[in-house]
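Chemist: Need coordinates for the below:
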Amino acid sequence: MTNAAQIDQIDHSLGIVLDPRLSAPFYRQIADQVAARILDGRLPAGYRLPPTRALAAALSTHRNTVVRAFEELTRDGFITGHVGRGSFVLARDGRGTTGAPMTRAPLAIGEDEDDGAPWVFAPPDATPPARASRSGMPWQTLLSRAVESEPLRRMQRLSAGGLFGDVVNLSRMQASQDLLPHRELRACIDHVMATLGPEALEYAPGQGLERLRILIARELAQSGIDAQAEDILITTGSQQALDLVARALVDPGDVFLTEGRTYSGALNILTISGAEVIGVPGDDEGPDLAELVELTRRRPKGLYLMPSSRNPTGTSISEARRQALVAWSQDAGVPLVEDDYGADLELDPGTTPPSLRARDADVFHVSTYSKKLIPALRVGFIVCPPAMRAPLTRLKHAMDLGTSTLLQHALAEFLERGLLRAHLERVTSAYRARRDALADALTASLPEGVTFRRPERGVVLWLSLPAGVDPELVYEAARHEGVLVSPGTVYSADLPGAAGLRLTYCAEPPERLVAGAERLGRALKNVMSRRHGARRVELMGA
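Modeler: Predicted coordinates:
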């Protein structure tokens, strides 16, 4: 048996070599190489792995990368973590599976480790009862690459599980229950069932109910979009609409463009489709046109945009940039996908610039009733370019045989009764009050260097963090303070430059938003003071 003194002399890198030329991200390379050393016996059961900081320093990578690798190894049953003690290799049986169950995931991002503890062979606590028999199916080799894609993994890793007590939710992009018109919707559903009976329970036509498509076309006309019922395809929310566009345009390996920071659901859909997603840098006006012209040589299949109330920043693309984007699209032969998820949620008086579809019939215009009405309706739509009506309808039918007929009839009834206008007046007034409460509280609570702009429409607000402040560390610190936020890394096709937090103000009342801002302010001050303290120590050591 190797003794503790010998272990202390082992290279902190464990012999791991990271190769930036490989397609696998660094965390995956670390996890794969550690697993290989466990399987061939070089890292025996009970071996204490280096602390994540030490391993990250030895490999010249970020500590979060190592934390992610340890999470993968824990999930796959190779290691187990103990607070204050570190991470240990689990025993393997003759089939190569673990002989002890996983206990706790590796230390959370930002959580302190006992870096000074010696590296010793110290088995975890007493061996628990044997596991139930495991499946012999080689699931890890059967999973598609889409399931293991980085955006999906990132979202899972940052999901807020295991929270208890009083938590202010500034990450949930859904109206609070008091703003949902449940009585009005129930009356509409009752009327549909009373008048249509079993007819409302059949499969819907391929493009969706004509009655609903006509009503949507009328709504769109008020915002300057000249669309006919035959141009509209009803979908199960805007998420399915994006999925349909991706399936229609993308073959594996094709390039698809987004803004540098954009909706995580779109990144997920495009990644699953096999696209190479490239984030286009830009500013508050919109994507950089020079960058788009340069990227045209990559022959992208499309550019995904949220022109009004961009998610996550809450800003809108300017009138001039919209005109330039349409001109670039036509010149380059690259279609625009316009996601108008926040349609009609205008909080300040003013004129929203005309939509991209109002300027160009070759734009895919995607929208939904989830944000401005009721999430559970799951009714969205695409205004299709003429040449894409039939292909998208065929794909839609193949995917789900149609969106719920009952819910389409209920929504049509809701629109015909004029209930949407009254509902929008109520929710925009509430959102305006909530936005102002959050913005005022942030102004009073945030440390110097953290900035934001008060959004004019929609339900999201973006906090810009100072250089060097990791949004995921702030996310973890905020959780400990009892407030949920969304780190900018979730909204970036390429992680660098995502130094910010997205906050929402639709799911909590004003007094709770004030409390959330105060808690977030404390979390930011803690993270930034630790960073400044570490920097001072580093300079003194130099």
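Chemist: for the helix or strand containing S87, what is the average pLDDT?
Modeler: Assigned by DSSP states H and E, S87 belongs to strand 86-89. Strand 86-89 shows an average pLDDT of 88 in the prediction.
Chemist: For the host helix or strand of L185, give me every contacting residue.
Modeler: L185 is part of helix 182-196, with elements assigned from DSSP H and E. The contact list for helix 182-196 (Cβ atoms under 8 Å, 6 or more residues apart in numbering) reads 200, 374, 377, 406, 409-411, 413-414, 417, 419, 423. Quick note: C-beta positions are derived from backbone N, CA and C, even for glycine.
Chemist: helices and strands around the helix or strand following it, which ones?
Modeler: Per DSSP H and E, the first helix or strand lying C-terminal to helix 182-196 is helix 210-222. When contacts are defined as 3 or more Cβ pairs under 8 Å, 6 or more residues apart in numbering; DSSP states H and E, helix 210-222 sits against strand 232-235, strand 380-383, helix 405-416.
Chemist: Now whichever helix or strand comes after the first one: average pLDDT?
Modeler: I take that to be strand 232-235. Using DSSP H and E, the helix or strand that follows strand 232-235 in sequence is helix 237-249. In this model, helix 237-249 carries a mean pLDDT of 96.
Chemist: what's helix 237-249 packed up against?
Modeler: Applying 3+ Cβ pairs under 8 Å, 6+ apart, one finds that helix 237-249 contacts strand 232-235, helix 264-272, strand 336-339, strand 364-368, strand 380-383, helix 389-400.
Chemist: Looking at these, spot the one closest to V89.
Modeler: Nearest to V89 among the helices and strands packed on helix 237-249 is helix 264-272 (32.1 Å), distances taken as Cβ to Cβ.
Chemist: so the closest one versus helix 237-249, what angle?
Modeler: Going by axes from the mean of the first three to the mean of the last three Cα atoms, to 10 degrees, helix 264-272 is angled at 30 degrees with respect to helix 237-249.
Chemist: Would you indicate which residues of helix 264-272 are buried?
Modeler: Neighbour counts over helix 264-272 (16 or more other Cβ atoms under 10 Å) mark 264-272 as buried.
Chemist: Could you list every helix and strand in contact with it?
Modeler: Counting contacts by 3+ Cβ pairs under 8 Å, 6+ apart, helix 264-272 packs against helix 150-157, helix 237-249, strand 255-259, strand 276-280.
Chemist: Dump the ones you listed to JSON lines, plus mean neighbour count and distance to L303.
Modeler: What follows is the helices and strands packed on helix 264-272, written out as JSON lines (neighbours: other Cβ atoms under 10 Å; distance: least, Cβ to Cβ, whole Å):
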{"stretch": "helix 150-157", "mean neighbour count": "17", "distance to L303": "18"}
{"stretch": "helix 237-249", "mean neighbour count": "23", "distance to L303": "11"}
{"stretch": "strand 255-259", "mean neighbour count": "24", "distance to L303": "4"}
{"stretch": "strand 276-280", "mean neighbour count": "20", "distance to L303": "7"}
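Chemist: Tell me which of those sits nearest to E472.
Modeler: Here helix 150-157 is closest among the helices and strands packed on helix 264-272 (Cβ to Cβ), at 9.0 Å.
Chemist: ok, back up a step: same list (the helices and strands packed on helix 264-272) but as JSON lines, adding distance to W328.
Modeler: Formatted as JSON lines, those follow (distance: least, Cβ to Cβ, whole Å):
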{"stretch": "helix 150-157", "distance to W328": "26"}
{"stretch": "helix 237-249", "distance to W328": "17"}
{"stretch": "strand 255-259", "distance to W328": "11"}
{"stretch": "strand 276-280", "distance to W328": "11"}
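Chemist: for these, which one sits closest to L473?
Modeler: helix 150-157 (13.7 Å).
Chemist: Report the mean per-residue pLDDT for the closest one.
Modeler: 66.
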